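Trainee: Sharing a model prediction with you, sequence too.
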Amino acid sequence: MTTKAQTYRAMLNSGEFIVSPGVYDGYSARLVEAAGFKCGATSGAAVSNSILGIADMGIMGLSENVAHCRNIARSVNIPITCDADTGYGNPINVFHTVKMFEEAGTAGINIEDQVSPKRCGHMPGKEVIPLEEMVKKIEAACLARQDDAFLIIARTDAIAVEGVEGAIRRAKAYRAAGADMIFPDAVRTEDDIKRLVEAAGVLTINMGFGIRERPTTPLMPLPRLKALGVRRVSLPRMLPAAAIKGMTMALEVMKQVIETGEPQNRPDLLVGIEDIMKLMGYDEARALEKQLLTTDILETKYGGKTPA
């Protein structure tokens, strides 16, 4: 049986340009799959923000993250890579972090070289650990995985601290240590992307669509990123930002309903309950009931009518 990690590895080895929407819960993961995308990637900031309700500043722990990512990964058939922050400690911690994420059914993880407690990659005030320490973390990650297909993605936040030259030096060292892909966050120019591709070979870039002001990484057409040699682009902010926007608009309608006392049907803002049931697999659940429950139980549940 092919694992999700092996499926992802095959995509990477094929040379295919991978577009990986950011997911953070069961709804977003299922929507990505339903839309026809071949993979997804958890946004560490979106997971931290959504389950804890606070800023992404290294507060979320390993167990919380793994448990949440396990539920996301099991909810879809496509492979999901996950954000493991700094690996939650030194190389020994990283060793166990990799084991736990692999056991959770994810296809790979990001590990970043920020000082712990880390922060969102587009926030000021970032610090990075020594290059040699991160190399040991990558070696530990590669040693820990049971399936060689499980992706070790080394993220570097060095551009904000050491400039692009520092990031290039780290990218080369991280690839030499065994990282399958390099993820330089907050890259500032197209030329920097080109230089990092030349240095690292296999590069993933984060595109932060939805920023009103000038984004840290300039928004670029996906064909242009592909032409530069980028192998994967992740879109971590798009779905959580869209969800927040949609919920904000829905709450404004709810306030109007309270003020006027008049109900409002807004199909332009809301999907129907049938859409939610289809997305979440209610038909499959009813089919499983019909297959596995006794006739007596089905008659009791459905008043003599078996589930469709």
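Mentor: Thanks, I have it. Owing to the predicted nature of the structure, the values given are computational and were not obtained by experimental measurement.
Trainee: Only C-alpha atoms from now on, for both contacts and neighbour counts.
Mentor: Will do.
Trainee: And stretch 285-303, end to end?
Mentor: 18 Å (CA to CA, to the nearest Å).
Trainee: Can you read off the pLDDT for residue 214?
Mentor: In this model, residue 214 is scored at 58, pLDDT.
Trainee: how does the chain divide up, domain by domain?
Mentor: Listed by automatic domain parsing, the domain ranges of the chain are 4-236, 271-308.
Trainee: Which one, of the ones you listed, ends up nearest to residue 255?
Mentor: Nearest to residue 255, of all these, is domain 271-308, at 19.1 Å by CA to CA.
Trainee: May I see the buried residues of the helix or strand harbouring residue 258?
Mentor: Using DSSP states H and E, residue 258 maps to helix 238-260. Buried positions in helix 238-260, judged by neighbour count with 16 or more other CA atoms under 10 Å: 238-240, 253.
Trainee: and what of stretch 103-119?
Mentor: Across stretch 103-119, burial judged by 16+ other CA under 10 Å covers 104-119.
Trainee: backbone phi and psi for residue 184, please?
Mentor: phi -80, psi 120 (degrees, to the nearest 10).
Trainee: What separation do you get for it and residue 83?
Mentor: Residue 184 is 14 Å from residue 83, by CA to CA.
Trainee: Check residue 101 too.
Mentor: 10 Å.
Trainee: ok, back up a step: can you put the domains of the chain in a markdown table and add distance to residue 265?
Mentor: Below are the domains of the chain laid out as a markdown table (distance: least, CA to CA, whole Å):
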| stretch | distance to residue 265 |
| --- | --- |
| domain 4-236 | 22 |
| domain 271-308 | 11 |
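Trainee: farthest pair in the buried residues of stretch 103-119?
Mentor: The two members of those with the most space between them (CA to CA) are 105 and 115, at 27.3 Å.
Trainee: Tell me where the chain has strands.
Mentor: 18-23, 40-42, 80-83, 108-112, 151-156, 181-184, 204-206, 232-235 (DSSP state E).
Trainee: Residue 6 is nearest to which of those?
Mentor: Among those, strand 151-156 sits nearest to residue 6 (CA to CA), with 9.2 Å.
Trainee: so what's residue 253 closest to, chain neighbours aside?
Mentor: In this structure, residue 253 finds its nearest non-sequential neighbour in residue 264, 7.7 Å apart by CA to CA, 6 or more residues apart in numbering.
Trainee: okay but that neighbour is in contact with residue 257, surely?
Mentor: Yes: assessed by CA atoms under 8 Å, residue 264 is found in contact with residue 257 at 6.8 Å.
Trainee: If you count surrounding residues, which of residue 101 and residue 83 has more?
Mentor: residue 101 (26 against 23; other CA atoms under 10 Å).
Trainee: How about the more buried one: what's its closest non-neighbour residue?
Mentor: Beyond its immediate neighbours in the sequence, the residue positioned closest to residue 101 (CA to CA, 6+ apart) is residue 66, lying 6.0 Å away.
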